[in-house]
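Enquirer: here is my input, please return the structure:
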Amino acid sequence: MNKLLKRNENEVIGLVPAAGRATRIAPMPLSKELFPVGFKVIDGTQTPRPKVVTHYLLEKFRNVGISKAFIVLRDGKWDIPAYFGDGALVNMHLGYLMMREPFGPPFTLDQAFPFLRDEIVAFGFPDILFRPEDVFKQLLDRQKTIQSDVVLALFPAHNPQIMDMVDIDKNGKIREMFLKPANSNLGYCWLCGVWTPVFTNFMHDYLQSYQRENSLQNAKHEKGEQADLTVGAVIQAAIKDGLEVYGVTFPDGEYIDIGTPDDLVRSLKMFG
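Expert: Predicted coordinates for the structure are as follows:
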């Protein structure tokens, strides 16, 4: 496949994994992705209405002209399509896909593989709120300029032990990614990104190989489950395989993950 992909020849599609179980803040009466954080004003009325956490990510997609997105679900999270419907609420066209392999976010994302083989993907976690608002514009502009396979948004890390830390050179190329290191002198972690069909295909092939290898190992050890794989682990594998992965740094950027009780409280103060 030609790695020099032209932005004007590829549509940009949003991709949102929403198959998690939110165990850190369970029990909840609804899917974590629908937790109200802040308010919005609906057209035709001046009365503020609750704004759910996923709305912020979809809004960032729409602000850069992305009109289509796939949300990948697991069984039981039917409140998400019930809420967002066809996407009119966020002025987008939304499609819903079902997770098949329960082995981590990369497998969830790979459910969109048949629909994304020739498209640029804009990816974000629905439970992470971040600023500035033009993050995806900067990522897409950078990808268009340097024609790299992946461009990630890099933010100052609050706690390196729970983040994927990145080592970047002076040109912004990511030399290596360290997955939740016990100790790190690095300053930036990644939060979201854009990628080309080169990475979409790499991830699909990598996951198939990973699943075959782990199925054999599990059979040998008589285990019925395999550990969850992270998106960062797949990106690091892509770097080792020679794919070009760059980052755009946001030194003044803000972010918060609503997946823990403490950060959920902080998010209500930050975006309320």
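Enquirer: tell me where the stretch 151-272 of the chain has strands.
Expert: Counting by DSSP state E, counting those that start in this stretch, the stretch 151-272 of the chain has strands at residues 164-168, 174-179, 188-195, 245-249, 254-257.
Enquirer: least confident of these, on average?
Expert: Mean pLDDT is lowest for strand 254-257 among the strands of the stretch 151-272 of the chain, at a mean of 91.
Enquirer: now it: buried residues?
Expert: 255-257 (16 or more other Cβ atoms under 10 Å). Heads up, the C-betas are built off the backbone N, CA and C, glycines and all.
Enquirer: strand partners (parallel or antiparallel) of it?
Expert: Strand pairing for strand 254-257, determined by DSSP bridges: strand 128-131 (antiparallel).
Enquirer: just the C-alphas of the partner strand, formatted as PDB.
Expert: This file holds the C-alpha atoms of strand 128-131, laid out as PDB (Å, rounded to 0.1, in the frame of the first residue of the first chain):
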ATOM      1  CA  ILE A 128     -11.600  11.800  28.400                       C
ATOM      2  CA  LEU A 129     -12.400  15.500  28.300                       C
ATOM      3  CA  PHE A 130      -9.700  17.700  26.900                       C
ATOM      4  CA  ARG A 131      -8.900  21.200  25.600                       C
END
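Enquirer: which elements pack onto the helix or strand just after it?
Expert: Later in the chain than strand 128-131, the nearest helix or strand by DSSP states H and E is helix 135-146. Using 3 or more Cβ pairs under 8 Å, 6 or more residues apart in numbering; DSSP states H and E, the elements in contact with helix 135-146 are helix 53-63, strand 120-124, strand 150-156, strand 188-195, strand 245-249.
Enquirer: pull the distance from the second one to the chain's centre.
Expert: Using Cα atoms, centre = their mean, to the nearest Å, the distance from the centre of strand 120-124 to the centre of the chain it belongs to is 7 Å.
Enquirer: from here on, count from 526
Expert: Sounds good: first residue 526 from here, last item strand 645-649.
Enquirer: need the helices for the chain, in chain order.
Expert: Assigned by DSSP state H, the chain shows helices spanning 578-588, 604-609, 630-635, 638-641, 660-671, 722-745, 756-765, 786-796.
Enquirer: ok, which of those comes nearest residue 704?
Expert: Checking those against residue 704 by Cβ to Cβ gives helix 756-765 as the closest, at 5.2 Å.
Enquirer: the closest one to strand 645-649, inter-axis angle?
Expert: Here helix 756-765 points in a direction 140 degrees away from that of strand 645-649 (axes from the mean of the first three to the mean of the last three Cα atoms, to 10 degrees).
Enquirer: got a list of contacts for helix 756-765?
Expert: 630-631, 634, 648, 674-675, 677, 689, 699-702, 704, 715, 724, 727-728, 731-732, 770 (Cβ atoms under 8 Å, 6 or more residues apart in numbering).
Enquirer: between that helix and strand 689-693, how many degrees?
Expert: Using the same axes, to 10 degrees: helix 756-765 against strand 689-693 is 30 degrees.
Enquirer: contacting residues around residue 577?
Expert: Residue 577 sits next to 558-562, 608 when contact means Cβ under 8 Å, 6+ apart.
Enquirer: related to what we said a few turns ago, which among the buried residues of strand 779-782 gets closest to residue 654?
Expert: Using Cβ to Cβ, residue 781 is the member of the buried residues of strand 779-782 that lies nearest residue 654, at 5.2 Å.
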